[in-house]
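# Turn this into a structure:
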Amino acid sequence: MKQKTKKSLVKKIKVTKNKKLKVRATGQNHYNTRATGDQRRSKRKDQDVYPAVAKNIKKAMAI
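Next up, the predicted model:
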């Protein structure tokens with residue numbers, strides 16, 4: 001039987017053309033005034049998922 005897709009993961013993760021995974025940077029909801037400008041700008045960009053974690057996520061997303 002085929003594994004079902006974890007819908008909560010699909011909403012949080014973007015898959016690129018080459019099957020790489022991107023996620024939103026953490027810690028950008030509040031308390032950002034104390035962060036430096038570099039930190040605030042880097043939080044705006046999507047981040048890559050670690051390869052070891054990406055393997056498990058791809059399995060759960062049924063990619």
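# tell me the average confidence for the longest helix along the chain?
Counting by DSSP state H, the longest helix found in the chain is helix 51-61. In this model, helix 51-61 has a mean pLDDT of 91.
# other SSEs contacting it?
For helix 51-61, the contact count by 3 or more C-beta pairs under 8 Å, 6 or more residues apart in numbering; DSSP states H and E identifies helix 7-12, strand 13-15, strand 21-23 as packing neighbours. C-beta: built from backbone N, CA, C; applies to glycine.
# for these, which one ends up most surrounded?
Ranked by mean neighbour count, these are led by strand 21-23 with a mean of 17 (mean count of other C-beta atoms under 10 Å).
# re the thing from before, between the helices and strands packed on helix 51-61, which one is nearest to residue 37?
Smallest distance to residue 37 across these (C-beta to C-beta): 22.4 Å, for strand 21-23.
# so what strands line up beside that closest one?
Strand pairing for strand 21-23, using DSSP bridges, gives strand 13-15 (antiparallel), strand 47-48 (antiparallel).
# Output these in TSV; the columns should cover mean pLDDT and distance to residue 39.
Below are these laid out as TSV (pLDDT from 0 to 100; distance: least, C-beta to C-beta, whole Å):
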stretch	mean pLDDT	distance to residue 39
strand 13-15	93	22
strand 47-48	94	13
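# mind giving me a markdown table with those strands and columns for distance to residue 6?
Below are the strands paired with strand 21-23 laid out as a markdown table (distance: least, C-beta to C-beta, whole Å):
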| stretch | distance to residue 6 |
| --- | --- |
| strand 13-15 | 10 |
| strand 47-48 | 20 |
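# which one of those lies closest to residue 38?
For residue 38, the closest of the strands paired with strand 21-23 is strand 47-48, at 14.8 Å, according to C-beta to C-beta.
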